[in-house]
Structures are given as C-alpha cells and as structure tokens.
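In: Got a sequence here, can you build the structure:
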Amino acid sequence: QMQLVESGGGLVEAGGSLRLSCAASGHSLRRYTMAWFRQPPEKEREFVAAVRWTGVITDYSDAVKGRFTVSRDDAKSQVYLQMSSLEPDDTAVYYCAAAQFGAGSNNWHQYEFRGQGTQVTVSE
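Out: As a prediction, the model looks like this:
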C-alpha cells in the first residue's frame, strides 16, 4: 500500500509561485505514473498534470500548460508541482495520485493511490 502526503500549499498573491511536494512511502515510485489533480471550491475535481512512470513524458491540462511544471525524484520518493504565474482560478485543494504503469490519464478513478490534499489559495 502506498501512502501519499502533499505539502507546500498556502496563500499567495496573483502572479506568484508555489512548489507543491508529494512524498510517497510504503512503495517505490519507479513503476508509477504520478499525477496532480485539484478541486476548486464548489467545483468538480480536475486533472492538472502527470509525469509518466518512465520519467520522460509529461501531460498537462490546457489551464496550466506553460505555467506549471511537474517532476519526480524516484530516489527521494518525491513528486513536485512547480506553479508559476498563479491566478485566482488556481485556488483549489491539490491532490497527488499514483497509477501503476499509468498512461497519464486525466481520470481520477484510474489512480490506485491518492493523497489527502493541500490547499492553495491565490489572492487578487
């Protein structure tokens, strides 16, 4: 069983940056595609980004492409989401998720393991 714990959330002004981290334990990351999802207030959860288990291919939603960068460090069992040029619409709870040999799906239910989330609030 893999446990995922997100950190790095907080309050930031529009135009600012944050880096989220996801620490994995209980299982090696090496065979897992790792993804970030988010759930804005009173909205459905949505896909943000993923880095494939090969470590080479990344996927991004149109909403964050060019502003966010997903990366992984399997040796440290960490996944990161560098967020820049943040906008108020980026306000959400951000979740980390893992899918064995995943293809970078944007479907939350295709990820076997999921974290509890970290809050990101972007002020005007």
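
In: isn't Ser21 right up against Met83?
Out: No. Assessed by Cβ atoms under 8 Å, Ser21 is found out of contact with Met83, at 11.8 Å. Any C-beta I mention is one placed from the backbone N, CA and C, and that applies to glycine too.

In: Looking at these two, which is more packed in?
Out: Met83 (26 against 17; other Cβ atoms under 10 Å).

In: Tell me if I'm right that that one and Val120 touch.
Out: Yes. Met83 lies in contact with Val120 (Cβ under 8 Å); the separation is 7.5 Å.

In: Contacts only, for Ser28.
Out: By Cβ atoms under 8 Å, 6 or more residues apart in numbering, the residues touching Ser28 are 74, 77.

In: Kindly report the same for the one 10 residues further on.
Out: When contacts are counted by Cβ under 8 Å, 6+ apart, Arg38 is found next to 45-46, 48, 90, 92-95, 120.

In: quick one: contacts for the residue nearest to Ser25 when sequence neighbours are not counted?
Out: In space, and not counting its chain neighbours, Ser25 is closest to Gln3: 4.9 Å by Cβ to Cβ, 6 or more residues apart in numbering. By Cβ under 8 Å, 6+ apart, the contact set of Gln3 is 24-26, 113.

In: PyMOL command for the buried members of those?
Out: Of the contacts of Gln3, the buried ones go into a single PyMOL selection, burial set by 16 or more other Cβ atoms under 10 Å:
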select buried, resi 24+113
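
In: which stretches of the protein have low pLDDT?
Out: Nowhere does the chain drop to pLDDT under 70.

In: Would you point out which residue is most central in it?
Out: What sits nearest the mean C-alpha location of the chain, by Cα atoms, centre = their mean, is Trp36, with 2.3 Å.

In: list the contacts for the nearest residue in space to that residue that is not next to it in sequence?
Out: Leaving aside its sequence neighbours, Trp36 sits nearest to Val48 (Cβ to Cβ, 6+ apart; 4.2 Å). By Cβ under 8 Å, 6+ apart, the residues touching Val48 are 35-38, 60-61, 63-64, 68, 70, 81, 94.
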